[in-house]
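Undergrad: model the following, please.
(2 chains)
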Amino acid sequence: MIEEPFASGNSIIHRIDPRFRVAAAILYSFTVALCYQFQPLIVALAVALLSVIFSGVGLKTVFKRLIVVNGFILLFWIVLPLTYKGKILYSLGPVDIYLAGIVFAAKITLKSNAILLILISLIATMTFATLGHTLSRFKMPDKLVFLLMITYRYIFVIAQEYQKIIRSIKIRGFKPKTTLHTYKTFAYVVGMLLIKASERADRVYNAMRCRGFTGKYNSLSDFQINIQSFIFILIMTGFTIGIILLEIQYHG
Amino acid sequence: MHISEGILSGPVLFSGAALAAAGTAAGLKQLDYDRIAQTGILSAAFFVASLIHVPLGPTSVHLILNGVVGLLLGWGAFPAILVALLLQALFFQFGGLTTLGVNTVVMALPAVICYYLFSPFINKNQTIAIISAYACGFFCVFLSALLVGAALMFTEKNFFEISTMVVAAHLPVMIIEGFITMFCILFLKKVKPSMIVH
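TA: As a prediction, the model looks like this:
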């Protein structure tokens, strides 16, 4: 039920130092999030698409993810043209359709997809463990990195526990319906899952102490800066600055 | 509950990130090393539990459970939810980097508020415990929906209708979360009372 479909691969992007990828993705995403003109947003989406192609991830999976996220955006397409006060584009009887609403919805769509594609191509192409190591190199608090790692480590274990519980309630003939009984059953499933997690945590912590855990999470992975990483960060910085300049040029 | 990328304005994104950082710092400070394994694995359990879809008439809704997170982790809710959201961003691309701060506040702040409001009553007699556990689940989702609405409103005045819709659409979720939180907390109280912080 939980997968990292983009994490493995051997594309140009996968070979770039994760620290450079995280830095570029953060810089790029925030820049795009703060743009409001069509020209920079279209460029931003094009760059993001290019980045996805270079990362060699399965386009079918990417497409599926895009559909889910654009489902949320659809709400804006339905509501904003009717409520975003401004110039009236068209009057359908008592209903006014506002041009500004359509424009805003279109901008949100461009922005959202551009940021999402950068996330997929630059960050989702590393495993969560690598992201944790990267964050620790960025001097994030040790405790937070440790929390990240331990959560990631046990998500798959807990998911198996969950499937075990679900299997056993199915064997007993449980069928989910909109009833209080269903909600009670799911609440007990959650409760049992939490108890199992908590008791496992005690055992894990004791085992860690037996092995001399001192509170420091040591990462043995070694990041290698190669020439591609430098070229990559140069190109991404170039695009980011280009988008900022476009935004300034077409502003107002 | 998520706000997608590309919707919120700069000031909202940055104040969300600042609040989330402050909350996470407070949460981490209270978390000593012998509690981290507990918090991490519970956070994993909440992540898995949030994938559960419960039926609601012809559709289904997924569990949020931030009320339970608050009662079990207190201030630890901030780092736990931050980690869970980061995992969701990486695994499913729900939410992402720029909205991470806002979304953390949307989920974790109500958890901490509900922890202060309701946890003193959970260990009282059965009737009070039932009512406060239900209220905890209900209000936590209600406050989260309000925060989503506020984030949208601060971005753009014209988002008023969409904000009201968000809050209204979560009403059935609040009712269900109330029941789930109530049954879940009563279950924990019976089976492993030490898990609920007081």
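Undergrad: not counting its neighbours along the chain, what's nearest the residue nearest the centre of chain B?
TA: When Cα atoms, centre = their mean is applied to chain B, the residue found nearest the centroid is B:N66 (3.0 Å). Distances taken as Cβ to Cβ, 6 or more residues apart in numbering or on different chains put B:A111 closest to B:N66, at 4.4 Å, once the chain neighbours are dropped. All C-beta atoms are positioned from the backbone trio N, CA, C, and that covers glycine.
Undergrad: tell me the mean pLDDT over the helix or strand where the one you found lies?
TA: Assigned by DSSP states H and E, B:A111 belongs to helix B:100-122. Mean per-residue pLDDT for helix B:100-122: 94.
Undergrad: continuing past it, what's the next helix or strand?
TA: Next helix or strand after helix B:100-122 toward the C-terminus (DSSP H and E): helix B:126-155.
Undergrad: check contacts around residue 153.
TA: Just going to use chain A. Under the criterion of Cβ atoms under 8 Å, 6 or more residues apart in numbering or on different chains, the contact partners of A:R153 comprise B:40, B:44.
Undergrad: I was after chain B.
TA: Counting by Cβ under 8 Å, 6+ apart, B:M153 touches B:159-160, B:163.
Undergrad: so what strands line up beside the helix or strand of chain B with the lowest mean pLDDT?
TA: Of the helices and strands making up chain B, the lowest-confidence element is strand B:59-62, at a mean of 86, by mean pLDDT, DSSP states H and E. Using DSSP bridges, the strands paired with strand B:59-62 are strand B:53-56 (antiparallel).
Undergrad: one step back: doesn't B:W75 make contact with the residue nearest to B:N66?
TA: No - B:A111 is beyond contact range of B:W75, at 9.2 Å (criterion: Cβ atoms under 8 Å).
Undergrad: of those two, who's got more company?
TA: Taking other Cβ atoms under 10 Å in any protein chain shown, B:A111 and B:W75 do not tie; B:A111 has more neighbours (30 against 23).
Undergrad: what's the closest non-adjacent residue to B:V61?
TA: Closest residue in space to B:V61, ignoring its immediate chain neighbours: B:V173 at 5.3 Å, by Cβ to Cβ, 6+ apart.
Undergrad: per-residue pLDDT, that neighbour?
TA: If you check B:V173, the pLDDT there is 93.
Undergrad: next: A:F174.
TA: pLDDT for A:F174: 92.
Undergrad: go ahead and confirm it touches A:T185.
TA: Yes - the pair A:F174 / A:T185 is scored as a contact, 6.1 Å apart, by Cβ under 8 Å.
Undergrad: thinking again about what came up before, measure the residue nearest to B:N66 to B:C136 for me?
TA: Taking Cβ to Cβ, to the nearest Å as the measure, B:A111 falls 9 Å from B:C136.
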